[in-house]
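Asker: structure of the sequence below:
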Amino acid sequence: MSTDIISIVALLSIVIWSAVSREIVKSSKKNDKKKKGQKIITLMSAGTLLTLILTISLYQNVQS
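Answerer: Numbering: from 1, shown residues only. Predicted coordinates:
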């Protein structure tokens, strides 16, 4: 993958993981845990996918 795409994926990953941490802090303060839980699961799934893409790309670059 090109470095531009990897940079965009890295920035998206940072934004998503920041949103996850904010939602976790918010969900501990409020009672609407079911809706927040679904949002946290969605964000964590997206963050995990982007992190996996970055890890595979890094591994491929190290092997080259």
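Asker: average pLDDT for stretch 13-30?
Answerer: For stretch 13-30, the mean per-residue pLDDT is 86.
Asker: flag every buried residue along the top helix by length along the chain.
Answerer: Criterion DSSP state H: the longest helix present in the chain is helix 33-63. Residues 36, 40, 43, 44, 46, 47, 50, 53, 54, 57 are the ones in helix 33-63 that count as buried (16 or more other Cβ atoms under 10 Å). C-beta here means a position set from N, CA and C on the backbone, and glycine is covered the same way.
Asker: for those, name the two members farthest from one another.
Answerer: Using Cβ to Cβ, these span at most 31.4 Å, a distance reached by 36 and 57.
Asker: what residues are up against the most centrally placed residue in the chain?
Answerer: The chain has residue 47 as the residue nearest its centroid, 1.9 Å off, counting by Cα atoms, centre = their mean. Residues near residue 47 by Cβ atoms under 8 Å, 6 or more residues apart in numbering: 13, 16, 17, 20.
Asker: ok, now how distant is it from residue 41?
Answerer: As judged by Cβ to Cβ, to the nearest Å, residue 47 and residue 41 stand 11 Å apart.
Asker: again, but for residue 62
Answerer: Using Cβ to Cβ, residue 62 is found at 31 Å from residue 41.
Asker: what does residue 59 give?
Answerer: Taken as Cβ to Cβ, the span from residue 59 to residue 41 is 27 Å.
Asker: average model confidence for the longest helix of the chain?
Answerer: The pLDDT scores in helix 33-63 average 89.
Asker: so which bits of the one helix or strand residue 6 maps to are buried?
Answerer: For residue 6, the host element (DSSP states H and E) is helix 3-29. Using 16+ other Cβ under 10 Å as the test for burial, helix 3-29 gives 9, 13, 16, 17, 19, 20, 23, 27.
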